[in-house]
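Novice: heads up, no residue letters with this:
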């Protein structure tokens, strides 16, 4: 390996971000259509204020609202009421990125060493690390970017 690879070398410079008032419905659309696992949430000056992951949407809000049911003589009996589930889902869709986002985001500078990034991602179970310079988000590094870099590095040996 010649010089240490940095976040700036491997980061995605074109990425989807959203504002705190972006609806969960729109976030889900971005996740599905773009096949991404996290969306940085920024203010009007592109300053990072939080992040929403696909897991945030699946676990934080939907999981408690999954209807409980029993199978009785081949028929599903919902004892929490299927209506309650639909209401819960409707309520989720009415939420915004600001309601869902994680505010304490682990970030890195463009100069951060890729090996260190990989270590933090593993230790903290992160799929994405936003890359921030002068308080503004300039890129994102995902597990894919790290794996791709490892693949290239070992392919050269």
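Specialist: It's in. The structure displayed is predicted, hence computed values, not measured ones. Residues are numbered from 1 along each chain as shown.

Novice: Helices along the chain, start to end?
Specialist: Secondary structure of the chain (DSSP state H): helices located at 7-10, 24-34, 54-55, 82-94, 97-100, 114-124, 143-156.

Novice: Compare the ones you listed and give me the one nearest residue 46.
Specialist: Closest to residue 46 of the helices of the chain is helix 97-100 (C-beta to C-beta; 14.6 Å). C-beta here means a position set from N, CA and C on the backbone, and glycine is covered the same way.

Novice: Now that closest one: buried residues?
Specialist: Buried residues in helix 97-100, defined by neighbour count with 16 or more other C-beta atoms under 10 Å: 97-98, 100.

Novice: Adding distance to residue 115 and pLDDT, write those residues out as TSV.
Specialist: Shown next, in TSV, are the buried residues of helix 97-100 (distance: C-beta to C-beta, whole Å; pLDDT from 0 to 100):
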residue	distance to residue 115	pLDDT
97	32	93
98	34	93
100	32	89
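
Novice: got JSON lines for these, with distance to residue 13 too?
Specialist: Listed next are these as JSON lines, based on distance: C-beta to C-beta, whole Å:
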{"residue": "97", "distance to residue 13": "21"}
{"residue": "98", "distance to residue 13": "25"}
{"residue": "100", "distance to residue 13": "25"}
